[in-house]
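Novice: attaching a predicted model along with its sequence, questions to come.
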Amino acid sequence: MFIFKSKSILSICMLFIVFTLVLAGCGNAGKATDETGSGSGQTTENQESTGTDTAQNESTESETRDYETDKGTITIPAHPKRIVTDYYGGEILSVGGNLIGVEPSAFDNPFIKDKLKNTTDVGYPVNVEKTLELQPDLIVVMYDDNYEELSKIAPTVHIPYGTATDIYKTVELFGDLIGQPEQAKAFITEYEKKAAEGREKLKGIVDENTTVGLYELTDKGDLWIFGDNAGRGGQVVYNALKLKMPSKVSKDNQTVQLSLEVLPEYATDYMFMTVYDPEKKGEALKEFKKSKVWNGLDAVKNHRFFENDFDTFYRYDPIAITAQIDLFVDLITKSAEQNK
């Protein structure tokens, strides 16, 4: 009996130990499964989060809006990333646009050429094949020569020449177009600061009665005078520096062709003349300076007649206008020093 009981007790003990080990093993297995499951859950959550962020970024980049143009309402990117244009290079750059293609003469613009190192010359009229290779998401044109073809590549906005008549309207227009209104405001703030500094430097040199004229001589001998919205520095001298326009030129009569004989009637205290001479022959300018009319001008006698580089002073984009302020101020102040 004793032996029987001992074996029974031993068997019971062994069974209890085995049962305990089995339960422990199951518990550890469950714990391991829970931990593995928890880890998988975190990875999935991170993946979902990354997916959400990516989707949000893609959503931001793919946002569009309707934009009214003379060609009708078109859908454009809310924040275009790759922009091609013909003659609006400086305007787009002034509000922080990423300019990937522009017409060739922009590369001669001294005020923006350093900003065009990664920009492609797309020719003029804008070359459709080159533009297609660049894969723009927005095209902006002053002239609509290839509008239909370009509009098949990307949304194409036609802004005719003269749509915006001053630096304020221009910067606002392009800031809105590419979704950079704050950049536009910041640019205008800097422009106004520069203009105020320029006017301060001219105090005591010019006054409200001092007249300034902007002229151009072509390689064919044609002579022109310009107002405040035809390039050549008009927005600088008449709007930023607030100097006086000749009485025979008005905002409604911006560009007037003159004969040499009537030039004295349009003469001013300070006369700035650009020379359009693409082949750099210089013949028209030589003939002009031989004339009695030129030699008889008070501005010539008083060292107030200036020959301005065409590529520098022809420009009228916001970046050029802002930079030209210092150029005109320097010319006028140096002239004053000569006349002391």
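Specialist: Good, I have the coordinates.
Novice: centre-most residue in this structure?
Specialist: Leu93 (1.8 Å; CA atoms, centre = their mean).
Novice: what does the helix or strand hosting that one rub up against?
Specialist: Applying DSSP states H and E as the criterion places Leu93 in helix 89-94. Contacting residues not belonging to helix 89-94 are listed as 83, 85, 99, 102-103, 106, 109, 111-112, 115-116, 119, 140, 170-171, 173-174, 178, 184, 187, 315, 317-320 [CB atoms under 8 Å, 6 or more residues apart in numbering]. Placement of C-beta: from N, CA and C, glycine included.
Novice: which parts of the stretch 201-340 of the chain are helices?
Specialist: 234, 283-290, 292-295, 298-301, 310-313, 318-338 (DSSP state H, counting those that start in this stretch).
Novice: how about the ones you listed in TSV, adding distance to Ile153?
Specialist: Output for the helices of the stretch 201-340 of the chain, formatted as TSV (distance: least, CB to CB, whole Å):
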stretch	distance to Ile153
helix 234	35
helix 283-290	42
helix 292-295	50
helix 298-301	50
helix 310-313	30
helix 318-338	27
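Novice: put the alpha carbons of the helix holding Leu93 into CSV.
Specialist: Extracted in CSV, the C-alpha atoms of helix 89-94 (Å, rounded to 0.1, in the frame of the first residue of the first chain):
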residue,chain,number,x,y,z
GLY,A,89,10.8,86.8,-66.8
GLY,A,90,11.5,89.7,-64.4
GLU,A,91,7.9,89.9,-63.3
ILE,A,92,7.8,86.2,-62.3
LEU,A,93,11.2,86.4,-60.6
SER,A,94,10.2,89.4,-58.6
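Novice: now that helix, how far from the chain's geometric center?
Specialist: 2 Å (CA atoms, centre = their mean, to the nearest Å).
Novice: C-terminal to that helix, what's the next element?
Specialist: Next element after helix 89-94 (DSSP H and E): strand 99-102.
Novice: neighbouring strands of that following strand in the sheet, and parallel or not?
Specialist: Strand 99-102 sits in its sheet next to strand 83-85 (parallel), strand 120-121 (parallel), going by DSSP bridges.
Novice: can you check the pLDDT for the residue nearest to the centre of the chain?
Specialist: Per-residue pLDDT puts Leu93 at 98.
Novice: same question for Val249.
Specialist: So Val249 comes in at 85 (pLDDT).
Novice: mind checking how far it is from Thr268?
Specialist: Here Val249 is placed at a distance of 10 Å from Thr268 (CB to CB, to the nearest Å).
Novice: comparing the two, which residue is more hemmed in?
Specialist: Shown here are Val249 and Thr268; by other CB atoms under 10 Å, Thr268 has more neighbours (24 against 21).
Novice: now do the more buried one against Asp219, distance only.
Specialist: Counting by CB to CB, the gap from Thr268 to Asp219 is 24 Å.
Novice: same deal with Gly233?
Specialist: 20 Å.
Novice: and what of Arg65?
Specialist: 46 Å.
Novice: those two: which is more packed in?
Specialist: Asp219 (16 against 11).
Novice: residues touching the more buried one, list them.
Specialist: Taking CB under 8 Å, 6+ apart, one finds 275-279, 281, 283-284 in contact with Asp219.
Novice: change it to 6 Å
Specialist: 277, 284 (CB atoms under 6 Å, 6 or more residues apart in numbering).
Novice: ok so, going back, quick one, which of the contacts of helix 89-94 are buried?
Specialist: By neighbour count, with 16 or more other CB atoms under 10 Å, the contacts of helix 89-94 hold 83, 85, 99, 102-103, 106, 109, 111-112, 115-116, 119, 140, 170-171, 173-174, 178, 184, 187, 315, 317-320 as buried.
Novice: where does pLDDT dip in this protein?
Specialist: Where the chain drops to pLDDT under 70, the residues are 1-62.
Novice: just the terminal-to-terminal distance for stretch 224-242.
Specialist: 22 Å (CA to CA, to the nearest Å).
Novice: so what touches that stretch?
Specialist: With CB under 6 Å, 6+ apart as the criterion, stretch 224-242 contacts 165, 167, 195, 198-199, 212, 214-216, 243, 245, 249, 254-258, 266, 274, 313-314, 316, 321, 324-325, 328.
Novice: then stretch 333-340?
Specialist: In contact with stretch 333-340 (CB under 6 Å, 6+ apart) are residues 205, 303-304.
Novice: about what we covered before: which of the helices of the stretch 201-340 of the chain sits most buried?
Specialist: Highest mean neighbour count of these: helix 234, a mean of 23 (counted as mean count of other CB atoms under 10 Å).
Novice: write the ChimeraX selection for whichever of the contacts of stretch 224-242 are buried.
Specialist: To isolate the buried members of the contacts of stretch 224-242 in ChimeraX, using 16+ other CB under 10 Å:
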select :167,195,198,212,214,215,216,243,245,249,254,256,258,266,274,313,314,316,321,324,325,328
